[in-house]
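Engineer: Sequence unavailable; structure follows:
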């Protein structure tokens, strides 16, 4: 129980600066490739291309594929 509390406190201490940090993401066409590896189950990678505007980045909505 003490270990879990310590982990939570460490994450809580670093969360505000990380959340407040400005995004390094630039507007433009982004290509995101996802690859899942599981033993005995070959899965192909998936690539998503999306053009992000300055407004998309500033609002922080829709910049992470679901």
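Structural biologist: Perfect, thanks for sending it. All of these numbers come straight from a predicted model, not from anything done at the bench. Numbers count the residues shown, from 1 in each chain.

Engineer: okay, CA-based contacts and neighbour counts for the rest of this
Structural biologist: Noted.

Engineer: low-scoring stretches of this structure, by residue?
Structural biologist: For the chain, residues meeting the criterion pLDDT under 70 lie at 1, 3-7, 9-23, 61-66.

Engineer: hey, where'd the helices end up in it?
Structural biologist: 2-20, 54-59 (DSSP state H).

Engineer: Return the set of buried residues in the shortest one.
Structural biologist: Going back to what we said before, that points to helix 54-59. residue 57 (16 or more other CA atoms under 10 Å).

Engineer: residues contacting residue 43?
Structural biologist: Going by CA atoms under 8 Å, 6 or more residues apart in numbering, residue 43 touches 35, 36, 37.

Engineer: Among these, find me the one that's closest to residue 52.
Structural biologist: Distance to residue 52 across the contacts of residue 43 (CA to CA) is lowest for residue 35, with 22.0 Å.

Engineer: residues touching the nearest residue to the closest one once chain neighbours are set aside, list them.
Structural biologist: Closest residue to residue 35 apart from its sequence neighbours, by CA to CA, 6 or more residues apart in numbering: residue 45 at 4.4 Å. Taking CA under 8 Å, 6+ apart, we find residue 45 in contact with 33, 34, 35, 36.
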